[in-house]
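Undergrad: Provide a 3D model corresponding to the input given below.
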Amino acid sequence: MKYNILGTTDLKVSELCLGSMTWGTQNTTDEGHAQIDMALDYGVNIIDTAEMYPVNPLSKETQGDTERVIGKWVAKSGKRKDVMIATKASGAGYMNVRDGAPISPETIHVAVEASLKSLQTDYIDLYQLHWPNRGSYMFRQNWNFDPSNQNKQQTLDHIVSILETMQGLVDAGKIRHFGLSNDSAWGTSQWLRVAQDRGLPRVQSIQNEYSLLCRLFDTDLAELCHNEQVGLLSFSPLATGLLTGKYAGGTTIPKGSRMSLSPELGGRITPQVWPAVAAYQAIADRHGLNLAQMALAWCRTRPFMASAIFGATKMDQLELALKSTEVVLSDDVLADITAAHKAHPMPY
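TA: Below you'll find the model as predicted:
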């Protein structure tokens, strides 16, 4: 396992990050704890979660249970200092948390206190905003994204108020660092500018979707993250299981899999996606690689990558993903991947 510096901090994060969003629905507490233990044995030192988890399904009744699974592990293991915990505050429109209230200083304080209690910890290593109040083009909203209803001054005032709130939480020792999620190049640049102008906590990371099948990050955000030292924590690097090969072109849907619970996989199932998956499967087969391991190993080659967040529901899936750090992609594999991307640039 290799480690990358997170942003401008002194934190060294493992190149793989353990995702937790199935703990509490698809996985039991004991299974979540077993996953943490195995991941730490392989050198993973960061767990990503969110106050709105678990998923599959999302519900008000289970909201926060994933953080509580982690909290029970923290209390039981006594290994809090061995792992970094990243969590996220929900925002506008998500009715299962604070009835869909937008992110504000008031909701941040409520959310942080609840997360600290659930996680059974005194501090959060990385506190992230799950999505911006002004809206986002992530989650397939890029096809009809329209920012014309945004109010720039309102956005800037919001940034100031939240960064001042983050400063207070840092000073109180409740969070260490601050990050974004599902944000854009323009949005991230504004958070960075305001932080620099006012001497407030800077954005150290951005958590956006990124995989062989979803490469919206490759242009403006890639440039911003390189020049401004903001690390990408990529979510869905296996494209919610599409890049494991287990769905066999949509003809096989394993019982209990994410596709069995969410047939459209959040808008990822399109007529274009299966030929794209087949192209990457062919590359893996041609070079004697496992598709999932190839997809994770490719993420490690990206110059803006801090850590790729992956999840698993079964221990053999987890071990397979963890062993992807042993895979080194040849120049021929990378060339084939580039050719496949040009042939299948935006499959969903």
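Undergrad: what ranges do the helices span in this protein?
TA: Applying DSSP state H to the chain gives helices spanning 29-41, 65-77, 105-119, 152-171, 185-198, 220-228, 258-261, 273-286, 291-300, 315-322, 331-343.
Undergrad: and the shortest one, what's its mean pLDDT?
TA: For helix 258-261, mean pLDDT rounds to 92.
Undergrad: can I get the helices of the chain in JSON lines with distance to residue 267 and mean neighbour count?
TA: C-betas here are computed from N, CA, C, even on glycine. Below are the helices of the chain laid out as JSON lines (distance: least, Cβ to Cβ, whole Å; neighbours: other Cβ atoms under 10 Å):
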{"stretch": "helix 29-41", "distance to residue 267": "27", "mean neighbour count": "18"}
{"stretch": "helix 65-77", "distance to residue 267": "23", "mean neighbour count": "21"}
{"stretch": "helix 105-119", "distance to residue 267": "27", "mean neighbour count": "18"}
{"stretch": "helix 152-171", "distance to residue 267": "26", "mean neighbour count": "16"}
{"stretch": "helix 185-198", "distance to residue 267": "22", "mean neighbour count": "17"}
{"stretch": "helix 220-228", "distance to residue 267": "20", "mean neighbour count": "17"}
{"stretch": "helix 258-261", "distance to residue 267": "13", "mean neighbour count": "17"}
{"stretch": "helix 273-286", "distance to residue 267": "10", "mean neighbour count": "18"}
{"stretch": "helix 291-300", "distance to residue 267": "19", "mean neighbour count": "23"}
{"stretch": "helix 315-322", "distance to residue 267": "23", "mean neighbour count": "17"}
{"stretch": "helix 331-343", "distance to residue 267": "20", "mean neighbour count": "14"}
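Undergrad: could you dump stretch 312-319 to PDB, C-alpha only?
TA: Extracted in PDB, the C-alpha atoms of stretch 312-319 (Å, rounded to 0.1, in the frame of the first residue of the first chain):
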ATOM      1  CA  ALA A 312     -17.700  -4.400  -0.700                       C
ATOM      2  CA  THR A 313     -20.500  -6.500   0.700                       C
ATOM      3  CA  LYS A 314     -18.500  -9.700   0.900                       C
ATOM      4  CA  MET A 315     -15.100 -10.400   2.300                       C
ATOM      5  CA  ASP A 316     -13.800 -12.100  -0.800                       C
ATOM      6  CA  GLN A 317     -14.700  -9.000  -2.800                       C
ATOM      7  CA  LEU A 318     -12.900  -6.800  -0.200                       C
ATOM      8  CA  GLU A 319      -9.700  -8.900  -0.400                       C
END
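Undergrad: Can you pull out the residues in contact with it?
TA: Stretch 312-319 is contacted from outside by 22, 26, 27, 31, 34, 35, 38, 39, 244, 256, 257, 321, using Cβ atoms under 8 Å, 6 or more residues apart in numbering.
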